[in-house]
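*Asks:* have a look at this fold, sequence not included:
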Ligand SMILES: Cc1ncc(COP(=O)(O)O)c(C=O)c1O
């Protein structure tokens, strides 16, 4: 194996994160505490939201979000409810809905943006529709304004899975802030990394409290202003261990909060660099008739560089694998591909709205290479040379 010339994911930790980890060690407190609280506050402020709840992954953020929505007092999400979802996203965008008994309605994507085709939303709607999930794929904002308006028009809950698109913007508004809840991932390869980690943000105090309860065993102790929701008893001894909703332990550790704070401070500069690389990539491949590259909707935070090989252009995806491997360039499928094609779908209640022909093309003819918060001009021109020789 050649040494990797261009990885899919790169380490972005440095002196600031080392200092943050040392600060946690010096404090002697490792489980959830002031570092998490400080990161949550900073993250909420960064997004102009009232609440942010950190958990141990983006998948956990989606799980906590769906769980919280099922326990809310008015109009909760319930078993049998239908949820509109894009066909291309990550597995754990969908799994919580299966686990809580909802039925999914899969909608095709647009090949140009790789995001849900909003022209099909009306066809996806039924009297049982209760929620819609908006996913901005690989840094590129979905039509979040359109989806928000659709959700409002039909009284739907909008969950925004923004795990791939931290710091992207649509109409000057940050992605992740359009939904009733927005979720984020801080896994190693993402825009900021806390090793493992995730966050959900919301303006809704009830959802915030429920997510905090779900995060911590389902006990009332971690739920702010819970008195009206779960009136306290007389016995303070019992009160400290009172379980009120079926929860988990999704708590992050102090190291995740401390490194998150350090990474958040670096985020704007990292996004600027990612976007510079995106411009180089667009210049290199925008005119290549063989490939579709993602058309930006608003301002992408460019997670990576997806490419779809056009049908009939004489090039097959498998033709690329050898040359890319030989050059030490990492590549992989676009997010999870067309999700209903995975074996796990046999566990789901679901419908397909129309066809998923674009999701199939992304699944069968798409791939991506990495973007990183450092200059990639050399890498992009090497890729250009390799693909020119095919
Ligand atoms: C759209 C989407 N949702 C959720 C997740 C899950 O995040 P995590 O890996 O932190 O669990 C990912 C992971 O990359 C993702 O791409």
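*Replies:* Looks like it came in fine. Source: prediction; values computed, not measured. Residues are numbered from 1 along each chain as shown.
*Asks:* read off the pLDDT value for residue 1.
*Replies:* Per-residue confidence (pLDDT) for residue 1: 49.
*Asks:* again, but for residue 233
*Replies:* We note a pLDDT of 89 for residue 233 in this prediction.
*Asks:* any stretches of this structure with poor pLDDT?
*Replies:* Within the chain, the set of residues satisfying pLDDT under 70 comprises 1-2.
*Asks:* in it, what residue lies closest to the ligand?
*Replies:* residue 58 (2.5 Å; C-beta to the nearest ligand atom). The C-beta positions use only the backbone N, C-alpha and C, and glycine is treated the same way.
*Asks:* which parts of the stretch 151-300 of the chain sit against the ligand?
*Replies:* For the stretch 151-300 of the chain, the residues in contact with the ligand (C-beta under 6 Å from any ligand atom) are 161, 163, 164, 185, 187, 198.
*Asks:* of the residues you listed, which pair is most distant in space?
*Replies:* Put simply, by C-beta to C-beta the two of those set farthest apart are 161 and 187, 13.5 Å from each other.
*Asks:* which residues do the two both contact?
*Replies:* When C-beta atoms under 8 Å, 6 or more residues apart in numbering defines a contact, the residues bordering residue 161 and residue 187 alike are residue 58.
*Asks:* going along the chain, name the strands of this structure.
*Replies:* According to DSSP state E, the chain carries its strands in the segments 51-55, 82-86, 103-107, 129-135, 157-161, 169-170, 173-174, 181-185, 198-202, 291-293, 304-309, 350-352, 366-370.
*Asks:* how about those, which one is nearest residue 12?
*Replies:* From the strands of the chain, taking C-beta to C-beta, the stretch that ends up closest is strand 366-370, at 12.1 Å.
*Asks:* tell me the contacts of the residue of the chain closest to the ligand?
*Replies:* Applying C-beta under 8 Å, 6+ apart, the residues contacting residue 58 are 90, 92, 161, 163, 183, 184, 185, 186, 187, 190, 198.
*Asks:* okay, the residues of the stretch 151-300 of the chain next to the ligand in CSV with neighbour count next?
*Replies:* As requested, those are exported to CSV (neighbours: other C-beta atoms under 10 Å):
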residue, neighbour count
161, 30
163, 30
164, 26
185, 28
187, 17
198, 29
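*Asks:* out of these, who's nearest residue 339?
*Replies:* Taking C-beta to C-beta as the measure, residue 339 lies nearest residue 161 of these, at 12.4 Å.
*Asks:* end to end on stretch 243-262, go ahead and measure it.
*Replies:* For stretch 243-262, the first and last residues are 34 Å from each other (C-alpha to C-alpha, to the nearest Å).
*Asks:* any idea how far it is from the chain center?
*Replies:* Going by C-alpha atoms, centre = their mean, to the nearest Å, the spacing between the C-alpha centre of stretch 243-262 and its chain's C-alpha centre is 17 Å.
*Asks:* from residue 242, how far off is the residue with the largest distance to the centre of the chain?
*Replies:* Most distant from the centre of the chain: residue 234, at 42.0 Å, with distances by C-alpha atoms, centre = their mean. With distances defined as C-beta to C-beta, to the nearest Å, the gap from residue 234 to residue 242 amounts to 12 Å.
*Asks:* mind listing what's buried along stretch 325-336?
*Replies:* Judged by neighbour count using 16 or more other C-beta atoms under 10 Å, the buried positions of stretch 325-336 are 327, 329, 330, 331, 333, 334, 335, 336.
*Asks:* can you narrow these to ones near the ligand?
*Replies:* Of these, the ones that also sit near the ligand (C-beta under 6 Å from any ligand atom) are residue 335.
*Asks:* now, which of the buried residues of stretch 325-336 sits nearest residue 81?
*Replies:* For the buried residues of stretch 325-336, the residue nearest residue 81 by C-beta to C-beta is residue 336; the value is 22.9 Å.
*Asks:* give me the phi and psi for the closest one.
*Replies:* Phi and psi for residue 336, reported as degrees, to the nearest 10, are phi -110, psi 10.
*Asks:* contact partners for it?
*Replies:* Residue 336 makes contact with 88, 89, 90, 91, 342, according to C-beta under 8 Å, 6+ apart.
*Asks:* and the ligand, which of those contact it?
*Replies:* The residues of the contacts of residue 336 that also fall near the ligand, by C-beta under 6 Å from any ligand atom, are 89, 90.
*Asks:* list buried residues within the contacts of residue 336.
*Replies:* Buried, going by 16+ other C-beta under 10 Å: 88, 89, 90, out of the contacts of residue 336.
*Asks:* does the second one touch residue 135 like I think?
*Replies:* Yes. Counting by C-beta atoms under 8 Å, a contact exists between residue 89 and residue 135, whose distance comes to 4.5 Å.
*Asks:* between those two, what contacts are shared?
*Replies:* Both residue 89 and residue 135 are contacted by residue 161, under the criterion C-beta under 8 Å, 6+ apart.
*Asks:* hmm, back to that, and which of the buried ones among the contacts of residue 336 is nearest to residue 381?
*Replies:* Of all the buried ones among the contacts of residue 336, residue 381 sits closest to residue 88, with 29.1 Å by C-beta to C-beta.
*Asks:* for residue 294, see how far away that closest one is.
*Replies:* Counting by C-beta to C-beta, the gap from residue 88 to residue 294 is 12 Å.
*Asks:* for the two, list the residues in contact with both.
*Replies:* Common neighbours of residue 88 and residue 294, using C-beta under 8 Å, 6+ apart, are 114, 137.
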